[in-house]
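Novice: model this:
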Amino acid sequence: MHFTDLFIRRPILSVVVSLLIFLVGVTALFGLPIRQYPNLESATITVETRFPGATQEVMQGFVTQPIAQSIATASGIEYLTSISTMGRSQVKAKLVLNADSDRALTEILAKVQQVKYRLPEGAFDPVVAKITDGASAVQYIAFTSDQHSPAQLTDFVTRVAQPMFTSIRGVASVDTFGGSGLAMRVWIDPVKMAARGLAASDIAMVLRANNVQAAPGQLNGGLTITDITATTDLRSLDDFRDMVIKTGDEGLVRLRDIATVEIGAQNYDSSAASDGKRGVIVALTPTPDGNPLEIVKGANSLIPVIQKSAPPGVEVRSTFDVAHFV
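Specialist: Alright, predicted model coming up:
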């Protein structure tokens, strides 16, 4: 007697088993995630340090090397890689497969704190972050405009779009390409500075002394409390242009006399374009357990909302996503 003969003799049992298989299949259909790759945690811890104006040799010898030597003793690290460029140092610690990335992040944070005092004066504090190693972005969204500069687009993306995309479940990071934040650009004229006996360090010192954030506090009376507001920072182009750099017998030397002041980008090292239009590209990178289908669905639902709040002339559209391939 074969096993299948049992179901021929007992048709009710056959129906029950078939229904059970059907119910299990329906449950799996709505419960099992659809993923492009298996769920493996392959994380990398990055330590990025910036030191504006420092040469590559200074970054390598006085920033990258002390940090790399310190975090190399942390547990769970498979190997280290580092990059030292003008004013920037990045050390990457590749963790072993399926290692506890949160524990490794905590240990590396402690290692970096131990050597932070050895960094040169003027260097920014190291930024430690955890990224999914080898994970490519699941979607790229372009912000283009013929009326606005990439710096202005970056400002809108940072303030409005980036927080909305970050709230999508499964998104690890929202990175921007081709843009830069707004900054007050001071283009100094070396000939005019030399004629007035000034150096670049003099201008930097005056800028730090005249553009500060102050917190005066409050005045407490018998029946009233008054908040004190001190306008100690500069907020417009004219405020910067009228800043006094030097005083003497020849009169006042203002910033407008030796430099061109304008609002521009923090740097002009990179650019991006979509369909021939300059703009800013936003990349959505998933977490190790992030479902690309859910991420793309959530991002596509947010694009019309962001488009309505965008300035006139700004176009927001999805240029690539992996949902089709999955």
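Novice: What is the burial count for G31?
Specialist: The number of residues packed near G31 is 7, by other CB atoms under 10 Å. Every residue, glycine included, has its C-beta placed from N, CA and C.
Novice: V160 too?
Specialist: Residues near V160, counting by other CB under 10 Å: 14.
Novice: try G197
Specialist: 10.
Novice: which residues does it contact?
Specialist: Neighbour list for G197: K246 [criterion: CB atoms under 8 Å, 6 or more residues apart in numbering].
Novice: 10 Å - rerun?
Specialist: Going by CB atoms under 10 Å, 6 or more residues apart in numbering, G197 touches K246, G248, V253.
Novice: Make a markdown table out of these and add pLDDT, secondary structure and neighbour count.
Specialist: Converted to a markdown table, the contacts of G197 look like this (pLDDT from 0 to 100; DSSP: H, G, I helix; E, B strand; the rest coil; neighbours: other CB atoms under 10 Å):
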| residue | pLDDT | secondary structure | neighbour count |
| --- | --- | --- | --- |
| K246 | 86 | strand | 17 |
| G248 | 79 | strand | 9 |
| V253 | 89 | strand | 21 |
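Novice: Check which element follows the longest helix seen in the chain along the chain.
Specialist: In the chain, assigned by DSSP state H, the helix with the most residues is helix 11-31. Note on helix 11-31: by DSSP states H and E, the next helix or strand toward the C-terminus is strand 43-50.
Novice: could you say what helices and strands that following strand packs with?
Specialist: Under the contact criterion of 3 or more CB pairs under 10 Å, 6 or more residues apart in numbering; DSSP states H and E, strand 43-50 touches helix 65-71, strand 77-85, strand 88-95, helix 101-115, strand 127-132.
Novice: what about 8 Å?
Specialist: In terms of contacts (3 or more CB pairs under 8 Å, 6 or more residues apart in numbering; DSSP states H and E), strand 43-50 is packed against helix 65-71, strand 88-95, helix 101-115, strand 127-132.
Novice: pLDDT on that strand, on average?
Specialist: Mean pLDDT, strand 43-50: 90.
Novice: In stretch 317-326, which residues are buried?
Specialist: Neighbour-count burial for stretch 317-326 flags S318, D321, V322, A323 (criterion: 16 or more other CB atoms under 10 Å).
Novice: Show me how far that stretch is from its chain's centre.
Specialist: Taking CA atoms, centre = their mean, to the nearest Å, the mean C-alpha location of stretch 317-326 is offset from the chain mean by 22 Å.
Novice: Now do that stretch, average pLDDT.
Specialist: On average, stretch 317-326 scores 86.
Novice: For that stretch, which outside residues touch it?
Specialist: Contacts for stretch 317-326 (CB under 8 Å, 6+ apart): 34-36, 136, 138-142, 274, 281, 292-293, 296-297, 299-300, 303.
Novice: Low-confidence stretches in the stretch 51-200 of the chain?
Specialist: Across the stretch 51-200 of the chain, the ranges flagged by pLDDT under 70 are 133-135.
Novice: Contact partners for T158?
Specialist: T176, G181 are the contacts of T158 under CB under 8 Å, 6+ apart.
Novice: what secondary structure does it sit in?
Specialist: Of the three states, T158 takes helix under DSSP: H, G, I helix; E, B strand; the rest coil.
Novice: if we can go back for a sec, which two of the buried residues of stretch 317-326 lie the greatest distance from each other?
Specialist: Within the buried residues of stretch 317-326, S318 and V322 form the most distant pair, 11.4 Å apart (CB to CB).
Novice: For the strand or helix carrying Y140, name the packing helices and strands.
Specialist: Assessed by DSSP H and E, Y140 sits inside strand 139-145. On a contact count with 3+ CB pairs under 8 Å, 6+ apart, strand 139-145 meets helix 150-156, strand 272-274, strand 277-286, helix 292-309, strand 314-321.
Novice: Is it possible to get a markdown table of those that adds distance to V26?
Specialist: Below are the helices and strands packed on strand 139-145 laid out as a markdown table (distance: least, CB to CB, whole Å):
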| stretch | distance to V26 |
| --- | --- |
| helix 150-156 | 44 |
| strand 272-274 | 42 |
| strand 277-286 | 27 |
| helix 292-309 | 19 |
| strand 314-321 | 28 |
